[in-house]
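> Generate coordinates for the sequence data below:
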Amino acid sequence: MTEETKDKLRQWAQRYHSRSFIATDPVQFPHRYTRKQDIETSGLLTAILSFGSRKQILKKADELDALMQHCPHEYILSGQWQTDFPANRQDSFYRMLSYSAFRFYFERLHTAYTRYDSLEEALADYSGTPMERLCTFLDVSPQSPQKKLNMFLRWMIRIGSEVDFGIWTTFSPAELLIPLDTHVCRMAYELGLIEKPTFSLRNAQRITQVLAEAFPGDPCLGDFALFGFGINRAEN
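Now for the predicted structure:
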């Protein structure tokens, strides 16, 4: 990466990595809470819903927060989700995600919180990178970019941020993988960080590796640069 590109990324990161980012992003929902378990629960469930238009995501995440009566951790432990999300209900909860499919995440969180004090502690039973541990916990492939899960991990692990929480201290920001979405992929391609604008684990790893040159030890600070500039350009 050229010094010119590094400077450009740092300038964009400085512009978009601020508290003002929260108001228009799904991260606003876990920011409603201060208890670690509430932040984890709201964060993971909100991240799972983070696909489609931002307007739709924010509306559905707000509905979910109200359904949980603004007490995410307590809602998980109460078991009320078993009634609200029946195992045999196949109609849509959000887009192609059915009630029964979304129930799975409540089941996994319930298992974690009845055995451990936090989701972070639960993941300590697994091996690998933070992404690999979370993929194992949720029984999904670590060979996919897993944008939503990597976004959640960024929220939990990055420290010294007005946007991210940094409440998972057993992991390092250097272990994070860039949440690869449309804007990040397009901007990385335009900047010559990747050869093809394809949504692959290889590209997510490549972008993260290159961003570490501009942001040593904290490559996902570059997420704000690529995503922030990309989405603002698209909307203006």
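
> Flag every buried residue along the helix or strand bottoming out on mean pLDDT in the chain.
Ranked by mean pLDDT, DSSP states H and E, the weakest helix or strand in the chain is helix 221-235, scoring a mean of 84. Using 16 or more other CB atoms under 10 Å as the test for burial, helix 221-235 gives 221-231. Where you see a C-beta, it was placed from the backbone N, CA and C, and this is true even at glycine.

> Reformat those as a markdown table; add distance to residue 166.
Rendered in a markdown table, the data for the buried residues of helix 221-235 read as follows (distance: CB to CB, whole Å):
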| residue | distance to residue 166 |
| --- | --- |
| 221 | 12 |
| 222 | 17 |
| 223 | 15 |
| 224 | 15 |
| 225 | 19 |
| 226 | 21 |
| 227 | 19 |
| 228 | 19 |
| 229 | 24 |
| 230 | 24 |
| 231 | 23 |
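
> Which single one of these is nearest to residue 1?
Nearest to residue 1 among the buried residues of helix 221-235 is residue 222, at 10.5 Å by CB to CB.

> about what we covered before: identify the residues contacting the least confident helix or strand of the chain?
9-13, 15-17, 21, 154, 158, 163, 178-179, 181-184, 186-188, 207, 211, 214-215 (CB atoms under 8 Å, 6 or more residues apart in numbering).

> thinking again about what came up before, which two in the buried residues of helix 221-235 are spaced the farthest apart?
The most widely separated members of those, counting by CB to CB, are 221 and 231 (16.4 Å).

> need the strands for the protein, in chain order.
Ranges of strands in the chain, per DSSP state E, are 92-94, 97-98.

> Is it possible to get TSV of those strands that adds mean neighbour count?
As requested, those are exported to TSV (neighbours: other CB atoms under 10 Å):
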stretch	mean neighbour count
strand 92-94	17
strand 97-98	16
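
> Can I get those strands in a markdown table including mean pLDDT and distance to residue 194?
Shown next, in a markdown table, are these (pLDDT from 0 to 100; distance: least, CB to CB, whole Å):
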| stretch | mean pLDDT | distance to residue 194 |
| --- | --- | --- |
| strand 92-94 | 97 | 30 |
| strand 97-98 | 98 | 29 |
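
> Just tell me which of the ones you listed ends up closest to residue 145.
Using CB to CB, the nearest of the strands of the chain to residue 145 is strand 97-98, at 18.2 Å.

> quick one: low-confidence parts of this protein?
Low-confidence segments of the chain (pLDDT under 70): 232-236.

> Go through it and flag its longest helix.
In the chain, with assignment by DSSP state H, the single longest helix is helix 99-115.

> Could you export it as CSV, CA atoms only?
Taking Å, rounded to 0.1, in the frame of the first residue of the first chain, the C-alpha atoms of helix 99-115 are listed here in CSV:
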residue,chain,number,x,y,z
TYR,A,99,-39.2,-17.2,13.4
SER,A,100,-38.0,-20.7,13.8
ALA,A,101,-34.6,-19.9,12.3
PHE,A,102,-34.2,-16.8,14.5
ARG,A,103,-35.1,-18.9,17.5
PHE,A,104,-31.8,-20.8,17.1
TYR,A,105,-29.9,-17.7,18.3
PHE,A,106,-32.0,-17.5,21.5
GLU,A,107,-31.3,-21.2,22.1
ARG,A,108,-27.6,-20.7,21.8
LEU,A,109,-27.5,-17.6,24.0
HIS,A,110,-29.7,-19.4,26.6
THR,A,111,-27.2,-22.3,26.6
ALA,A,112,-24.3,-19.9,27.1
TYR,A,113,-25.9,-17.8,29.9
THR,A,114,-27.1,-20.8,31.9
ARG,A,115,-23.5,-22.2,31.9
